[in-house]
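J.: Just a sequence and a predicted model for now, questions to come.
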Amino acid sequence: MSQFSPEEAESCRRLVSLALAEDLDGFGDRTSRALIPAEQIGTAGFVARTAGVVAGLPAVRMVCESVSSELVVSIKVDDGTALAPGTELATVTGPLRALLAAERTALNFLQRLSGIASLTRKYVDAVDGLPVAILDTRKTTPGWRLLEKYAVRMGGGTNHRLGLYDGILIKDNHLAGLGGEVQLAVTAARSAPGNDRFPVEVEVDTLEQLEEALAARADIVLLDNMTLDQLRAAVQRRDAVSTFTQLEASGGVNLATVCDIAATGVDRISIGALTHSAPALDIGLDYVR
């Protein structure tokens with residue numbers, strides 16, 4: 001059954017409140033007030049116009065219930081379900097004025113999150129059969145991170161760290177601040193108070209830096225913008241000296257290249273495009289009666 005975690009639900013409530021405030025501005029739907037009798041009841045269905053993967057149905061329910069307690073939402077499929085064009089995802093019944101006031105905000109959530117889930121599924125399908133995880137990044141819409149990462153999971157992807165607070169990723173600018181000393185950075189990150197709970201990941205640009213990261217026994221090494229030959233060499237070297245360090249490829253990954261990258265033997269591929277470049281899935285709300 002489609003369900004947010006408590007943290008995701010709270011994030012969605014805040015976003016729904018902002019979205020409805022900017023759309024209704026305390027007055028409501030001026031057009032529907034002029035045209036639709038207050039007592040008129042209607043039913044409409046959320047319908048997929050194109051193939052994809054659905055995500056965000058709990059947000060639809062939250063939007064509708066926030067507009068009016070008299071709107072009743074019936075969910076027809078679970079988030080994560082692959083859709084054919086014409087699939088009915090949910091129906092909503094209640095005062096038609098309220099239904100129309102909720103329509104665009106509900107669709108905005110549903111289309112955005114379903115678009116992310118759909119794009120993620122394409123990447124996951126592209127590497128099917130290979131032992132690699134498809135991960136998201138922190139390249140998310142401000143305020144939407146928990147929901148967008150939820151959508152990545154619904155598409156079959158894996159979440160990277162949620163934020164700067166819950167993971168250690170030593171990037172190029174961190175290294176620049178330490179004079180490029182990879183081993184020093186890994187050691188310092190691991191020994192800082194409270195960091196023993198987290199794996200230490202370090203980003204490298206060259207195979208020479210990889211050697212330093214392996215010597216420092218980094219838990220994960222992010223191989224940034226490396227060629228396929230470099231990735232294969234990195235995997236071969238890791239396999240020769242480490243039984244636990246994972247390798248993560250990132251940078252310039254797209255649907256045309258992801259399978260070749262996965263075939264090099266890396267363990268993880270992180271892709272910012274899952275959240276920053278996913279097109280909305282075409283979903284409509286069709287009035288029934």
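T.: Cool, got the structure. The model shown is predicted, which means the values in this text are computed figures rather than measured ones. Numbers count the residues shown, from 1 in each chain.
J.: where's whichever strand or helix holds A240 relative to the chain centroid, distance-wise?
T.: Secondary-structure element containing A240, defined by DSSP states H and E: helix 228-241. Relative to the mean C-alpha coordinate of its chain, helix 228-241 is positioned 29 Å out (CA atoms, centre = their mean, to the nearest Å).
J.: helices or strands next to that helix in the packing?
T.: Judged by 3 or more CB pairs under 8 Å, 6 or more residues apart in numbering; DSSP states H and E, helix 228-241 is in contact with helix 207-215, strand 220-224, strand 246-250, helix 258-262. To be clear about C-beta, it is placed using only N, CA and C from the backbone, and glycine gets the same treatment.
J.: Could you give me the buried positions within that helix?
T.: Q230, L231, A234, V235, R238 (16 or more other CB atoms under 10 Å).
J.: Please apply the same query to stretch 78-86.
T.: For stretch 78-86, a neighbour-count test (16+ other CB under 10 Å) marks D79, G80, T81, L83 as buried.
J.: Now the second one: closest residue in space that isn't a chain neighbour?
T.: Distances taken as CB to CB, 6 or more residues apart in numbering put M154 closest to G80, at 4.3 Å, once the chain neighbours are dropped.
J.: From one end of stretch 155-170 to the other, what's the distance?
T.: 28 Å (CA to CA, to the nearest Å).
J.: just stretch 215-235 next, same as before
T.: Using CA to CA, one end of stretch 215-235 lies 15 Å from the other.
J.: which is the next helix or strand following the strand or helix carrying A176?
T.: Assigned by DSSP H and E, A176 falls within helix 172-177. Tracing the chain past helix 172-177, the next element assigned as helix or strand by DSSP H and E is helix 182-191.
J.: From the rest of the structure, what touches that next one?
T.: Residues from elsewhere that reach helix 182-191 (CB atoms under 8 Å, 6 or more residues apart in numbering): 168, 170, 174-175, 178, 195-196, 200, 202, 204, 209, 212-213, 215-218.
J.: next one: stretch 95-106
T.: Outside of stretch 95-106, the residues within contact range by CB under 8 Å, 6+ apart are 16, 19-20, 23-24, 28-29, 32-33, 36, 38-42, 44, 46, 59-60, 63-64, 66-68, 70-71, 92-93, 285.
J.: ok so, going back, got the buried residues for the helix holding A176?
T.: Judged by neighbour count using 16+ other CB under 10 Å, the buried positions of helix 172-177 are L175.
J.: likewise stretch 61-70?
T.: For stretch 61-70, the neighbour count (16+ other CB under 10 Å) marks R61, M62, V63, C64, E65, S66, V67 as buried.
J.: Just the residues you listed: which are in helices?
T.: Taking DSSP state H, the ones among the buried residues of stretch 61-70 that sit in helices are R61, M62, V63, C64, E65, S66, V67.
J.: what's R112 in contact with, if anything?
T.: In this structure, R112 makes contact with G56, W144, E148, A151, A278, A280, judged by CB under 8 Å, 6+ apart.
J.: for Q236, same thing?
T.: Counting by CB under 8 Å, 6+ apart, there are no residues that Q236 touches.
J.: Would you mind measuring from it to G56?
T.: Taking CB to CB, to the nearest Å as the measure, Q236 and G56 are separated by 42 Å.
J.: element containing S118, please.
T.: When secondary structure is defined using DSSP H and E, the element that contains S118 is helix 96-126.
J.: And D23, by the same measure?
T.: With secondary structure defined by DSSP H and E, D23 is part of helix 6-24.
J.: shaky segments in the stretch 1-150 of the chain?
T.: 1 (pLDDT under 70).
J.: Thought K76 was touching E88, still the case?
T.: Yes. Look at E88 against K76 with CB atoms under 8 Å: they come within range, at 5.3 Å.
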